[in-house]
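**Student:** build me a model from this:
(2 chains)
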Number of protein chains: 2
Amino acid sequence: MHLKNFQSPVEFSLTNYYLKGEPVINQTRKTKDLTGIFQDQKAYESLYPEQLIYSVQAWMPVPEGTPGGLFFGVSTIMPGKVGNEYFMTKGHFHSKSDRAEFYWGLKGKGMLILMDLNRNTWAEEVCPGSLHYIGAHIAHRLANTGDENLVVGACWPSDAGHDYDEIAANGFSARLVEVDGKPRLT
Amino acid sequence: MHLKNFQSPVEFSLTNYYLKGEPVINQTRKTKDLTGIFQDQKAYESLYPEQLIYSVQAWMPVPEGTPGGLFFGVSTIMPGKVGNEYFMTKGHFHSKSDRAEFYWGLKGKGMLILMDLNRNTWAEEVCPGSLHYIGAHIAHRLANTGDENLVVGACWPSDAGHDYDEIAANGFSARLVEVDGKPRLT
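**Tutor:** Reported below is the predicted structural model:
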């Protein structure tokens, strides 16, 4: 008897931190997709609408909403600022808001901005080797504070979902801006 | 207003793939802890009882059993064989058996041995950069088929639990042995 050996359909490169394989979904967010996210409207409008601000790769081996399953992703945020505010992701709560998520820093330098349901906001420094637990009921957003791509690994439950509406409507209670060349949450 | 920046309490080193930090739990499995796992009883008894076969590091930020939370771990399996069978982990189903898990290869060479509830067994090759989704109701075990440590990252739900009893009682339906210098599932 010689039973079957298989190869996984997805590779998670340890050299360039890219997900490769047929099931991988690639999502991009350009300037034009991020209306209302940044404070400085004039600086936002001066950016090229097709400029890539961040991308998310994901392997979702089961349908979204499946209880007990997991998804795996890699987020890449480009370096840059809108006025004095760093390029960042939209940010979201999970739809099932008790669902957690792990992020881990792979490349570059940034901040993980976190906000609880009482709108208390804080941040954790993201760098290669940093590991971050985003617990229940915590909104989360990544900002690139460096001068190269910020690359972050992620794993989250397949029934977590994304609630972008609360953040789109009310934002976070603090913004990450550059003051005297350093990131400050204000 | 200058809001707080924090550092995560856990580091996931990208050079040696070790979890570091006060909350990290370190579990070891020595020869003496693995009675009944390997087929060749005489070869098993000839091993030094205190020899480390594998270790599991884990960050469990919420209590075991918490719905919606996640745990993060790193497993390291030493190179070696018991007779012609590779050093391997005990293997388990999840207690909540619909709970999934991601494994990803970080270092070394091995096999992820998988078995469904009908006792069909198969395997996936693990190497640096391989990413593995262990879906609902699938028992899983890692074997080191190389000559250096096999290091694998893992993320799983905090309410998954571990059911070792089924595997301890009935094993997997196939064993990973070396035949002509190559791993074969038989």
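**Student:** what's across from residue A:154 in the sheet?
**Tutor:** Beta-bridge partners recorded for residue A:154 (DSSP bridges): residue A:73, residue A:103.
**Student:** again but with residue A:130, I slipped
**Tutor:** For residue A:130, the beta-bridge partners are residue B:11 (DSSP bridges).
**Student:** got a list of what it touches?
**Tutor:** Residues counted as contacts of residue A:130 (C-beta atoms under 8 Å, 6 or more residues apart in numbering or on different chains) are A:104, A:105, A:124, B:7, B:8, B:11, B:12. Backbone N, C-alpha and C define where each C-beta goes, glycine included.
**Student:** between those, which sits nearest residue A:49?
**Tutor:** The nearest member of the contacts of residue A:130 to residue A:49, counting by C-beta to C-beta, is residue A:105 at 29.3 Å.
**Student:** still on that earlier bit, need the contacts of residue A:130 in a markdown table (columns: distance to residue A:74 and neighbour count).
**Tutor:** Shown next, in a markdown table, are those (distance: C-beta to C-beta, whole Å; neighbours: other C-beta atoms under 10 Å in any protein chain shown):
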| residue | distance to residue A:74 | neighbour count |
| --- | --- | --- |
| A:104 | 10 | 23 |
| A:105 | 11 | 26 |
| A:124 | 18 | 23 |
| B:7 | 22 | 13 |
| B:8 | 18 | 22 |
| B:11 | 19 | 19 |
| B:12 | 15 | 27 |
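**Student:** now these as JSON lines including pLDDT and distance to residue A:112?
**Tutor:** Converted to JSON lines, these look like this (pLDDT from 0 to 100; distance: C-beta to C-beta, whole Å):
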{"residue": "A:104", "pLDDT": "98", "distance to residue A:112": "10"}
{"residue": "A:105", "pLDDT": "98", "distance to residue A:112": "9"}
{"residue": "A:124", "pLDDT": "97", "distance to residue A:112": "5"}
{"residue": "B:7", "pLDDT": "91", "distance to residue A:112": "11"}
{"residue": "B:8", "pLDDT": "94", "distance to residue A:112": "8"}
{"residue": "B:11", "pLDDT": "97", "distance to residue A:112": "14"}
{"residue": "B:12", "pLDDT": "97", "distance to residue A:112": "14"}
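**Student:** ok, those vs residue A:160, which is closest?
**Tutor:** Distance to residue A:160 across the contacts of residue A:130 (C-beta to C-beta) is lowest for residue A:104, with 17.2 Å.
**Student:** so how far is chain B from the closest one?
**Tutor:** Separation of residue A:104 from chain B (C-beta to the nearest C-beta, to the nearest Å) stands at 5 Å.
**Student:** now do residue A:78
**Tutor:** If you go by C-beta to the nearest C-beta, the gap between residue A:78 and chain B works out to 21 Å.
**Student:** based on its surroundings, how many neighbours for that residue?
**Tutor:** For residue A:78, the count of nearby residues is 16 (other C-beta atoms under 10 Å in any protein chain shown).
**Student:** what does residue A:186 give?
**Tutor:** When neighbours are counted by other C-beta under 10 Å, residue A:186 registers 12.
**Student:** hang on, the earlier thing: output the contacts of residue A:130 in TSV; the columns should cover distance to residue B:30.
**Tutor:** Conversion of the contacts of residue A:130 to TSV gives the following (distance: C-beta to C-beta, whole Å):
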residue	distance to residue B:30
A:104	29
A:105	33
A:124	36
B:7	34
B:8	31
B:11	26
B:12	25
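**Student:** once you drop chain neighbours, what's closest to residue A:148?
**Tutor:** residue A:108 (5.0 Å; C-beta to C-beta, 6 or more residues apart in numbering or on different chains).
**Student:** noted, bye for now.
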